[in-house]
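Novice: Provide a 3D model corresponding to the input given below.
(2 chains, ligands or ions: 2)
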Amino acid sequence: MTDRLQRGGDVDEGQPRREDSPFYERQNRLVLRNCGVIPPKIDAYLENGGYEALTMALTTLTPEQVVAEITRSGLRGRGGGGFPTGKKWQAAREAPGQHKFVICNGDEGDPGAFMDRSIMEGDPHSILEGLILAAYAVGAVQGYIYVRAEYPLAVQRLEAAIAEARAAHFLGDNILERGFDFDLEIRIGAGAFVCGEETALLTSVEGSRGDPNPRPPFPVQKGAWGHPTVINNVETLANIPLILLNGSDWFNRIGSAGNSGTKVFALAGKVRHTGLVEVPLGTTLREIIFDIGGGLPSDKKFKAAQTGGPSGGCLTAEHLDLPLDYDSLEAVGSIIGSGGLIIMDEDTCMVDFARYFSDFNRQESCGKCTPCRIGTKRMLEILEKITSGQGEEEDLPRLESLAVLLKNASLCGLGRSAPNPVLSTLRHFREEYQAHIQEKRCPAGVCPALSRYYIQEEKCRACGLCARLCPAEAIFRDEEGEIYRIDAEKCMDCGRCLEECPFEAITGGKKRKKAVQR
Amino acid sequence: MKKTAAQLREKAEDRYPELDAVLQRYKGRGGVLIKALQEAQALYGHLPRPLLIHIAYELDVPLSEIYSVVSFYSFFKTKASGRCHLEICSGTACYIQGMEDLLDYLAEELSLRPGGITADENFSLSTSNCMGVCSNAPVLKIEEELYSEMTTEKLQQLLKERATDDG
Ligand SMILES: Cc1cc2nc3c(=O)[nH]c(=O)nc-3n(C[C@H](O)[C@H](O)[C@H](O)COP(=O)(O)O)c2cc1C
Ligand code: SF4
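Specialist: Ligands and ions are numbered 1, 2, ... in the order given. Next up, the predicted model:
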């Protein structure tokens, strides 16, 4: 396993093999069709229909026709925003200026998503082909692929692919002898989440600190070095050759209305089969988790799924049958984002989870604008206060008003979406926040300061066994005599009551060891 | 008394012959600072102040601008690593699968915290946002080698091996 990962290979290794495994059988692998199936080399790519779309487009379609076909396909950006790709290209095509750029956003900042890495490593030529087509469509002469430093193998594979494409005259001057010039360069990110945001990415490509800038002007009007620039995500670009080869009608038949095509999700967390899952947009969460992912690994109950990473929100059991697409997720307060899909069971504390993302957003806030720089810090402080047992009733409205402020007043998407994980956990798991604040108790037993032993009222049959066993005499019968309670002051954390209770009514205890034994 | 840039540089001169070849390529070109710094770090492991002064001088970029870039990107390190550098992924999947236990273990056993180094300089530690191998969470990286589905037991074993390797 270690070896495999070291060589990079397929991130899916260690999963059931393709043949007759429901993990693969129920997927619709279009974008991922080559990943892990063919070597990331130009010969193999050509044998499998590679660069056919480019050859076809350059010989039979005008740039306007390419833009029109992509517009008709309804393809929406896979990098998070879901903006229609055709519309973006159209704007860049129409923007005045001789010098135009196309940039592939391979920053993949969501800490829980790895589909872009997989495509860059496993099928680099599909990205190149998409970028060259984008350049042809908008009239760009130079392109960049922006890859994060954490993905050294992706950089290596892309560099090799660029050299191969140049040798085969798919890049360089007079491509395929059609009088179209275009070349590509790789730029490596250096570990800053905000650089995935398009205006920050531009300043980083220019070689400076990745500071975001106000929009408008949008990159399609004034992008790299002030020239019109199209920025597209890796997965978006990998879709382009497929659409041009098979036609926009074909693409429109996949997925749901207004959400055509497939989406790759990075399924991870508490689920039996983890890995990349490519399904038509509009597939339900239930199908992904239970039919493809094989359900949760233990007999634990499904609690929540996080989509959209630190900019997204959570879905709960009531959303299991919700079709996952751009619009339906937005309606329930989350986003598809880049496709990270983290599954959580009852052992995850949602307040702690919100704290985790708040901490992430605070660290990654670039500090250029005050609402985000200070707001993310204040949010984190309040959440830390709650998870350490110091929470007060007013903290929840405080969090909510801070969230509104960040959403309205931040300069870039990082600050504007930073409150999402907090808001959505507040919306769906408010009672868990209440337990932390009012009862000073962490129901999942995660927050160390609040993970005391606790007798669940609904399960206790008042048999009194625990009280007799307790060496600290910390357990007493409730006044009304219906149940037993634990006096937290006296409790020594020995855990005997939890082990012995015949009705499993006792929960909590020291911070539960989370690192699972497999 | 404040030293001038030239004086500061004198100390650095001739200390970075490998780098000078790299810098030659970038001289006078725009938008190359990040690339130059990345190559410098690949050569020397980290970017100490004299090295940054040298780069500032060679590329004719103000030192303040270099620092603004170095401090912005978490990839750049101004401090040296231990003989064995541990990088623990703190992405969402790794967090859910208990990477904090690994940090707790290192803090308890070696008093080693992210950004720190042990007194004997054998081990240093950092965390990374996401290594893109969420299926194998929690993961740990030593140099370019990845270790999957880490537990404190596996970590203990690994530290033992590494300590004997290096000592
Ligand atoms: C904080 C932040 C981080 C982002 N990170 C990424 C990223 O890692 N990869 C990506 O493709 N888009 C990312 N985006 C979205 C980009 O700004 C941009 O919308 C996208 O690259 C456009 O490509 P698309 O239309 O093909 O999706 C991020 C946005 C924000 C606000
Ligand atoms: S919202 Fe945050 S990340 Fe974006 S510009 Fe403001 S401080 Fe920087």
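
Novice: what residues are up against residue 109?
Specialist: All of this refers to chain A. Applying CB atoms under 8 Å, 6 or more residues apart in numbering or on different chains, we find A:Gly109 in contact with A:148, A:193-196, A:309, A:338, A:364, B:129-130. For every residue, glycine as well, the C-beta is placed using N, CA and C.

Novice: think we crossed wires, I meant chain B
Specialist: With CB under 8 Å, 6+ apart, B:Glu109 has these contacts: B:156, B:159.

Novice: Point out the residues in the stretch 251-400 of chain A that sit beside ligand 2.
Specialist: By CB under 6 Å from any ligand atom, the residues of the stretch 251-400 of chain A that approach ligand 2 are A:365-369, A:372-373.

Novice: Which of those residues fall within helices?
Specialist: Of the positions in these, A:372-373 sit in helices, assigned by DSSP state H.

Novice: Save the residues of the stretch 251-400 of chain A next to ligand 2 as CSV, and put in neighbour count, pLDDT and distance to ligand 1 too.
Specialist: Output for those, formatted as CSV (neighbours: other CB atoms under 10 Å in any protein chain shown; pLDDT from 0 to 100; distance: CB to the nearest ligand atom, whole Å):
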residue, neighbour count, pLDDT, distance to ligand 1
A:Ser365, 23, 96, 10
A:Cys366, 22, 95, 10
A:Gly367, 12, 95, 14
A:Lys368, 18, 96, 12
A:Cys369, 20, 97, 13
A:Cys372, 27, 97, 10
A:Arg373, 15, 97, 14
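
Novice: any idea which of the residues of the stretch 251-400 of chain A next to ligand 2 is the one closest to chain B?
Specialist: A:Cys366 (7.5 Å; CB to the nearest CB).

Novice: Stretch A:446-460 and chain B, any residue contact?
Specialist: No - contact of stretch A:446-460 with chain B is not found when judged by CB under 8 Å from any CB of the partner chain; the minimum separation is 9.6 Å.

Novice: ok, and for stretch A:162-170, which residues are buried?
Specialist: By neighbour count on 16 or more other CB atoms under 10 Å in any protein chain shown, the buried set for stretch A:162-170 is A:162, A:164-165, A:168, A:170.

Novice: make that stretch A:33-50, sorry
Specialist: So stretch A:33-50, judged by 16+ other CB under 10 Å, has buried residues A:33-36, A:38, A:40, A:42, A:45, A:50.

Novice: do the same with stretch A:224-233
Specialist: Neighbour-count burial for stretch A:224-233, counted by 16+ other CB under 10 Å, picks out A:224, A:227-233.

Novice: Return the member of those residues nearest to ligand 2.
Specialist: Relative to ligand 2, the closest of the buried residues of stretch A:224-233 is A:Ile231; by CB to the nearest ligand atom it sits at 16.3 Å.

Novice: sec struct for the closest one, please.
Specialist: Of the three states, A:Ile231 takes strand under DSSP: H, G, I helix; E, B strand; the rest coil.

Novice: Could you list the domains of chain B?
Specialist: With domains defined by automatic domain parsing, chain B comprises B:5-72, B:84-165.

Novice: Mind checking those domains for the one nearest to ligand 2?
Specialist: With CB to the nearest ligand atom, the closest approach to ligand 2 among the domains of chain B belongs to domain B:5-72: 11.0 Å.

Novice: Which stretch among the domains of chain B is buried most, on average?
Specialist: domain B:84-165 (a mean of 19; mean count of other CB atoms under 10 Å in any protein chain shown).

Novice: which helix of chain B spans the most residues?
Specialist: Counting by DSSP H, the longest helix found in chain B is helix B:152-166.

Novice: do it and chain A meet?
Specialist: Yes - looking at helix B:152-166 against chain A by CB under 8 Å from any CB, the contacts come from B:Thr152.

Novice: hmm, who's touching that helix?
Specialist: Taking contacts as CB under 8 Å, 6+ apart, the residues outside helix B:152-166 that touch it are A:515, B:83-84, B:101-102, B:105-106, B:109-110, B:122-123, B:140, B:142, B:147.

Novice: Adding secondary structure and distance to ligand 1, write these out as JSON lines.
Specialist: Below are the contacts of helix B:152-166 laid out as JSON lines (DSSP: H, G, I helix; E, B strand; the rest coil; distance: CB to the nearest ligand atom, whole Å):
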{"residue": "A:Ala515", "secondary structure": "coil", "distance to ligand 1": "28"}
{"residue": "B:Arg83", "secondary structure": "coil", "distance to ligand 1": "33"}
{"residue": "B:Cys84", "secondary structure": "strand", "distance to ligand 1": "30"}
{"residue": "B:Asp101", "secondary structure": "helix", "distance to ligand 1": "28"}
{"residue": "B:Leu102", "secondary structure": "helix", "distance to ligand 1": "26"}
{"residue": "B:Tyr105", "secondary structure": "helix", "distance to ligand 1": "31"}
{"residue": "B:Leu106", "secondary structure": "helix", "distance to ligand 1": "29"}
{"residue": "B:Glu109", "secondary structure": "helix", "distance to ligand 1": "35"}
{"residue": "B:Leu110", "secondary structure": "helix", "distance to ligand 1": "34"}
{"residue": "B:Asn122", "secondary structure": "coil", "distance to ligand 1": "35"}
{"residue": "B:Phe123", "secondary structure": "strand", "distance to ligand 1": "31"}
{"residue": "B:Leu140", "secondary structure": "strand", "distance to ligand 1": "23"}
{"residue": "B:Ile142", "secondary structure": "strand", "distance to ligand 1": "26"}
{"residue": "B:Tyr147", "secondary structure": "strand", "distance to ligand 1": "25"}
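
Novice: which of those has the weakest pLDDT?
Specialist: Among those, A:Ala515 carries the lowest pLDDT, at 36.

Novice: For A:Ala304, pull up the helix or strand it's in.
Specialist: Using DSSP states H and E, A:Ala304 sits in strand A:302-307.

Novice: Report all helices and strands that the next helix or strand after that strand contacts.
Specialist: Downstream of strand A:302-307, the first helix or strand assigned by DSSP H and E is strand A:313-316. Judged by 3 or more CB pairs under 8 Å, 6 or more residues apart in numbering or on different chains; DSSP states H and E, the packing partners of strand A:313-316 are strand A:302-307, helix A:420-428.
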